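Asker: from the sequence below, what's the structure:
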Amino acid sequence: MSFSRKGAVLVASAAVGAIVLSACAGNTASSQKKSNQLIYGADQFPANWQPDISAGNATSTANGIVRVLPSAFYTNPKFKYVPDSELLSETPKVTSTNPFTVQYKINPKAVWSDGKPINADDFVFNWKANNPDDTTYGGSGSKLGANACQTLLANYNLIKSVTGSDGGKTVTTVYNTPFPDYQSLFSTLLPAHLFMKSSPADTCKAFNTGWPATKPLPISGGPWMISAVDKTNQTFTLTPNDKYWGTKPKLSKLIYKTVGTDSTSLAQDMQNNETQMIYPQPQLDLVSLLKKVPNVTTTTSLGLSFEHIDFNVENPYLKDKAVRQAIALSIDRKALAARTVGQFDNRVGVLNNRIFVNNQPGYQDNAPAQYNSPNVAKAKQMLEAAGYKYQGSTLTKNGKAVSLTMGTTTNNALRKDTEVYVQSQLKNIGINLQPKQVDADTFFGDYKTQGATAAGDWDLSLFAWVATPALSQNKSIYACAPKNDRAQEQQNYTLGCDPAVDKLMNKAVVSTDPSQATALWNQVDKLLWGDMFTLPLYQKPTLIAFSNNYSGIADNASSQGPLWNSETWSVK
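Answerer: Next comes the predicted model:
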């Protein structure tokens, strides 16, 4: 998940006055340089360190553990998968196409921070625990029922076997079917020896509980360790992992400090050197303020995430495709993008694809021509053809006025502004929309596990997907959920279902021909335009600001987050 925000445009004099550098700030800078540490200002504090469960499936967790839990591959700033050359002694390779087989060679020196070797046992556990078809631990295939390992991950069920050799340092994965996106698996590996208990039920209990972020993460397989947590003050501290065999961090400490979302405060913290790097959701006033701060580099980039509206198809009105399409037809997406993120990055335009973002290879405009501009008259015609009637300017069904709710996260001015704008657009077709904001933990926590009706009973919802280069990961967003088993709906929060989409996605996931896979995924998107379970809005920019007293910091606008290369950062 991702977040986006935009604050009101500030009066210039107030903005300048709010971030005047004080004398003590200079002393702070000097002290900071001597201490060889960096304070990263974040907008949210993690709820859990375990990334494979709902509680840990958030950007705050991903950003914190990206160089703590090891991954076979990571995404570089060019949106390409790159193997971790310190975890692995060789680039993983496909050793057979029939059956599809991938082999990993783990660095003989690779160990967990408690001294236990990182080996095939960890790969086996991560496969089984994240495999919904596994009969021991995973999902619906397990005999444990509701007590099974409740993972959010997809595609591990495509693997037939995972075996170790060479003392556990060679891992061979054999697939039931070709899977060209194998680089997306075995990411943020969990240590098997900490999760494996005396019974499968106890193992899954540990897996589902994870590591609540009230305490330090007890293990590391990367250059950093989470060594201290101050939940009261919303901070945690990363320090070098003494057992790490590869390149050690150049900083002695990296402090993750939750600083919120207020633009003036964020800019003032950077001005006063209370934080040395921030990676907030961009907004017009914040970008303007940061560019006035001396000795700070501020840039925006276009990444793999996109803002969208979800429709809850269990709503009595929204289960009607004509209503969803009419709503989409009434919203001026071009004007919405221009009045929000377009104010600080004029590269942003309307997104007409759910699978590919605008600057990604494979992107094509799949939107039917009718969605290129709003058409209120046609939207009304569609609604009346579907049995709705107008009483004056109010849309009704069976004599009852049509009213809907729209949910998003609190402390997010950009999304609040979007809700107000959509509210005005829906008023044009006679629908009363009631915006609602809840805290992110509630919004995403309940929403992810129980569908659109859980976290606040909203009908439309506004948030962003943070994508990866692995197109196969889109499957869990749009695949039909098994009947009466919401735990298996993965990330399909709309609860929409189109068997034709499932059929195409199943072909796309296993296609080893990149051009064929791209074509299949674009066919999926064309069908989804007809279904209108979700409405894409725009590709989201990322914003990074950092002190020029540091070197090595660079944006990676993929899902890797701002700390993706933090072990290379240093004080100049």
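Asker: residue 427 touches residue 420, doesn't it?
Answerer: No: contact criterion C-beta atoms under 8 Å: residue 427 and residue 420 do not qualify, at 10.9 Å. Heads up, the C-betas are built off the backbone N, CA and C, glycines and all.
Asker: what about stretch 494-502, start to end distance?
Answerer: 15 Å (C-alpha to C-alpha, to the nearest Å).
Asker: tell me which residues of it are tucked away?
Answerer: 494-498, 501 (16 or more other C-beta atoms under 10 Å).
Asker: for stretch 255-263, same thing?
Answerer: So for stretch 255-263, counting by 16+ other C-beta under 10 Å, buried means 255-259, 261-263.
Asker: lowest pLDDT pick from those?
Answerer: Minimum pLDDT across the buried residues of stretch 255-263 is recorded for residue 261, with 82.
Asker: so which strand or helix has that one?
Answerer: Element membership of residue 261 [criterion: DSSP states H and E] is none; it lies in no helix or strand.
Asker: so that it lines up with my notes, have the first residue be 13 from now on.
Answerer: Happy to do that; since the first residue is 13 now, the last one works out to residue 273.
Asker: wait, isn't it in contact with residue 423?
Answerer: Yes: between residue 273 and residue 423 there is a contact under C-beta under 8 Å: 4.8 Å.
Asker: just the closest of the buried residues of stretch 267-275 to residue 481, please.
Answerer: Comparing those against residue 481 with C-beta to C-beta picks out residue 268 as the nearest, at 26.1 Å.
Asker: what's the lengthiest helix in the chain packed up against?
Answerer: Secondary structure of the chain read by DSSP state H shows that its longest helix is helix 526-543. Counting contacts by 3 or more C-beta pairs under 8 Å, 6 or more residues apart in numbering; DSSP states H and E, helix 526-543 packs against helix 511-522.
Asker: the buried residues of stretch 267-275 in helices, which ones?
Answerer: Per DSSP H, the buried residues of stretch 267-275 map to helices at residue 275.
Asker: quickly list the domain ranges of this structure.
Answerer: Using automatic domain parsing, the domain parsing of the chain gives 24-62+226-314+553-583, 78-221, 316-552.
Asker: for these, which one sits closest to residue 72?
Answerer: Closest to residue 72 of the domains of the chain is domain 24-62+226-314+553-583 (C-beta to C-beta; 4.3 Å).
Asker: so residue 475 sits in a helix?
Answerer: No: under the criterion used here (DSSP: H, G, I helix; E, B strand; the rest coil), residue 475 is strand, not part of a helix.
Asker: restrict the longest strand seen in the chain to CA atoms and write it as CSV.
Answerer: Criterion DSSP state E: the longest strand present in the chain is strand 308-323. As requested, the backbone C-alpha atoms of strand 308-323 are provided in CSV (Å, rounded to 0.1, in the frame of the first residue of the first chain):
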residue,chain,number,x,y,z
VAL,A,308,19.0,20.1,0.9
THR,A,309,18.4,18.2,-2.3
THR,A,310,14.7,17.8,-3.2
THR,A,311,13.5,15.7,-6.2
THR,A,312,10.4,14.0,-7.4
SER,A,313,10.3,10.8,-9.5
LEU,A,314,7.6,8.7,-11.2
GLY,A,315,7.5,5.2,-9.8
LEU,A,316,5.4,2.1,-10.0
SER,A,317,2.6,3.1,-7.7
PHE,A,318,-0.8,4.5,-8.7
GLU,A,319,-3.8,6.1,-7.1
HIS,A,320,-7.1,4.5,-7.7
ILE,A,321,-10.7,4.2,-6.5
ASP,A,322,-12.1,0.8,-5.5
PHE,A,323,-15.8,-0.1,-5.8
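Asker: sorry, back to before: kindly reformat the domains of the chain as JSON lines containing distance to residue 68.
Answerer: Shown next, in JSON lines, are the domains of the chain (distance: least, C-beta to C-beta, whole Å):
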{"stretch": "domain 24-62+226-314+553-583", "distance to residue 68": "4"}
{"stretch": "domain 78-221", "distance to residue 68": "9"}
{"stretch": "domain 316-552", "distance to residue 68": "10"}
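Asker: where along the stretch 313-462 of the chain do the strands fall?
Answerer: Counting by DSSP state E, counting those that start in this stretch, the stretch 313-462 of the chain has strands at residues 401-403, 406-409, 412-413, 415-421, 444-450.
Asker: need the winner for burial among those strands.
Answerer: Counting by mean count of other C-beta atoms under 10 Å, strand 415-421 has the highest mean neighbour count of the strands of the stretch 313-462 of the chain, with a mean of 21.
Asker: what residue ranges in the protein score low on pLDDT?
Answerer: 13-46, 152, 453, 456-469, 494-502 (pLDDT under 70).
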